[in-house]
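Undergrad: sharing a model that was predicted from the sequence below.
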Amino acid sequence: MNKTIALIRGDGIGPEIVEQAQRVLNKVAELYGHRFSYTDVAMGGCAIDQYGDPLPESELKKCLASDSVLLGAVGGPKWNDVPGTMRPEKGLLRLRAGMGVYSNNRPAKIWPQLADASPLKRSIVDEGIDFIIVRELIGGIYFGEHKTETVDGKTTAIDVLTYGEHEIERIGRIGFETARKRGKRLCSVEKSNVLDSSRLWKKVMHRLAEEYPDVELSDMLVDNCAMQIVKNPSQFDVLVTENMFGDILSDEASMITGSIGMIPSSSLGSSACGLYEPIHGSAPDIAGMDLANPIGTILSAAMMLRFSFDLPREADAIEKAVAAYLDAGYRTADIMSEGMKQVGCRACGDIIIESLRKE
Ligand code: NAD
């Protein structure tokens with residue numbers, strides 16, 4: 001199989017972690033007889049420095065012309081003071097909107113080897129943590145009007161939250177379809193006791209439920225959900241929610257599984273071309289120090305093989321190689337614990353590559 005992958009190395013630790021994921025992909029290509037070619041795309045702070053724009057149109061076009069996009073992370077203190085429309089994160093929002101990826105899927109799964117890294121009590125962890133958050137990605141308050149006005153000396157800031165029925169329906173379907181492939185339980189998370197957009201959300205989810213009689217739908221208010229994720233995470237199979245709630249809940253969910261450095265994500269729309277990225281940021285505090293954990297990015301590459309290229313065996317091989325690395329006691333600094341062997345970002349990549357086997 002021949003595929004073109006747009007690589008957005010980005011800022012901070014981005015280039016280091018993307019390099020390891022690229023090396024893993026190359027090894028997979030060698031083992032399975034595929035050909036992956038890469039197009040480098042500038043986005044984020046590095047694009048601001050180079051082009052004065054966090055995602056120039058020409059760079060977005062390169063992504064749209066590729067079979068999928070693998071992103072490290074963008075941003076950092078150097079660009080904190082640039083105007084709002086020019087911030088590195090704007091590049092990311094434009095990329096998601098430009099690619100039309102309206103569904104962000106984040107697994108929250110505990111690796112048994114890292115059970116002690118979870119901040120939750122062992123008794124809760126032992127019940128199992130294995131759920132997915134399906135988050136609406138290109139609507140809601142992040143994409144509504146934002147303005148700050150001063151009238152008669154009083155300043156007011158306004159952010160508009162809008163959801164159309166069709167936006168809710170298409171993400172709802174992804175939620176139901178995802179649940180159908182897993183434990184067949186979907187929890188729809190909203191704030192229908194306060195927000196009109198949430199009341200519409202709930203109505204659409206219940207209408208869709210009639211088309212998916214094999215999936216059990218439940219509703220949960222977002223504040224309760226934030227509590228339940230730490231109190232009893234084993235109750236969840238698939239959560240579906242709007243953009244801002246999903247942003248916050250998926251960070252919370254990532255923390256209970258141990259390390260932010262281990263978690264991949266996929267963002268998909270109506271075509272096979274997806275955006276794959278670890279859930280963490282550019283970690284400027286450890287950039288260039290060979291301390292970053294590249295596994296979130298490596299597992300994102302595995303998700304790309306599974307969901308965009310339909311290569312499940314190759315994706316399984318990467319996940320097994322990661323498990324073998326953990327089983328052998330190797331840890332980057334972020335998940336280091338007593339008795340384990342500490343390695344840097346590159347050595348982590350080396351060991352995972354050595355552990356890769358053709359299934
Ligand atoms: P962060 O995720 O970059 O870092 C939070 C903490 O986790 C830091 O201590 C960092 O060292 C650690 N960490 C993160 N990833 C790690 C990894 N792979 N290995 C080891 N340790 C890791 O969050 P932040 O500090 O809030 O943000 C830093 C910058 O990243 C900001 O400019 C922010 O806007 C940006 N950001 C970008 C994205 C993205 O590109 N998708 C997402 C979130 C934040």
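TA: Now that the structure is in, tell me what you want to look at.

Undergrad: tell me which residues in the one helix or strand Ile124 maps to are buried?
TA: Of the helices and strands defined by DSSP states H and E, Ile124 is found in helix 122-125. Judged by neighbour count using 16 or more other CB atoms under 10 Å, the buried positions of helix 122-125 are 124-125. Yep, even glycine has a C-beta here, placed from its N, CA and C like the rest.

Undergrad: which pLDDT value goes with Thr178?
TA: The predicted local confidence for Thr178 comes out at a pLDDT of 89.

Undergrad: next one: Arg122
TA: At Arg122, the model reports a pLDDT of 93.

Undergrad: residues in contact with the helix holding Ile124: which ones?
TA: By CB atoms under 8 Å, 6 or more residues apart in numbering, the residues outside helix 122-125 that reach it are 110, 115-116, 118, 230-234.

Undergrad: keep only those of these that are in helices.
TA: Secondary structure of these is defined by DSSP state H; positions in helices are 230-231.

Undergrad: relative to the ligand, how far out is Leu31?
TA: Computed as CB to the nearest ligand atom, to the nearest Å, the Leu31 to the ligand distance reads 25 Å.

Undergrad: residues contacting that residue?
TA: By CB under 8 Å, 6+ apart, the contact list for Leu31 reads 317, 356-358.

Undergrad: hmm, back to that, convert the helix holding Ile124 to PDB, retaining C-alpha atoms only.
TA: Only the C-alpha atoms of helix 122-125 are listed here, as PDB (Å, rounded to 0.1, in the frame of the first residue of the first chain):
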ATOM      1  CA  ARG A 122      -6.200   1.000  43.400                       C
ATOM      2  CA  SER A 123      -9.700  -0.400  44.300                       C
ATOM      3  CA  ILE A 124     -11.200   1.900  41.600                       C
ATOM      4  CA  VAL A 125      -8.500   1.200  39.000                       C
END
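
Undergrad: so how far is that helix off the chain centroid?
TA: Helix 122-125 has its average C-alpha position 25 Å from the chain's average C-alpha position, going by CA atoms, centre = their mean, to the nearest Å.

Undergrad: just stretch 240-260 next, same as before
TA: Averaged over its C-alpha atoms, stretch 240-260 has a centre that lies 9 Å from its chain's centre (CA atoms, centre = their mean).

Undergrad: average pLDDT across it?
TA: 92.

Undergrad: does the ligand have contacts with it?
TA: Yes: where contact is defined by CB under 6 Å from any ligand atom, part of stretch 240-260 touches the ligand, namely Ile260.

Undergrad: ok, the residue of the stretch 151-300 of the chain found nearest the ligand - how many residues close by?
TA: Scanning the stretch 151-300 of the chain for proximity to the ligand using CB to the nearest ligand atom identifies Gly281 as nearest, at 2.5 Å. By the criterion of other CB atoms under 10 Å, Gly281 has 19 neighbours.

Undergrad: what about it, which SS state?
TA: Using DSSP: H, G, I helix; E, B strand; the rest coil as the criterion, the local structure at Gly281 reads coil.

Undergrad: let me see the contact set for it.
TA: By CB under 8 Å, 6+ apart, the residues touching Gly281 are 12, 73, 75.

Undergrad: element containing Thr178?
TA: Taking DSSP H and E as the definition, Thr178 sits inside helix 165-181.

Undergrad: that helix: how far from the chain's middle?
TA: For helix 165-181, the separation from the chain centroid amounts to 17 Å (computed by CA atoms, centre = their mean).

Undergrad: ok, and the most crowded of the contacts of Leu31?
TA: When neighbours are counted by other CB under 10 Å, Ala317 leads those with 23 neighbours.

Undergrad: which residues of the protein score low on pLDDT?
TA: Screening the chain residue by residue with the criterion pLDDT under 70, one finds no matching range.

Undergrad: give me the residues contacting stretch 313-329.
TA: With CB under 8 Å, 6+ apart as the test, stretch 313-329 has contacts from 24, 28, 31-32, 34, 111, 113-114, 295, 298-299, 301-303, 305-306, 339-341, 348, 351-353, 355-359.
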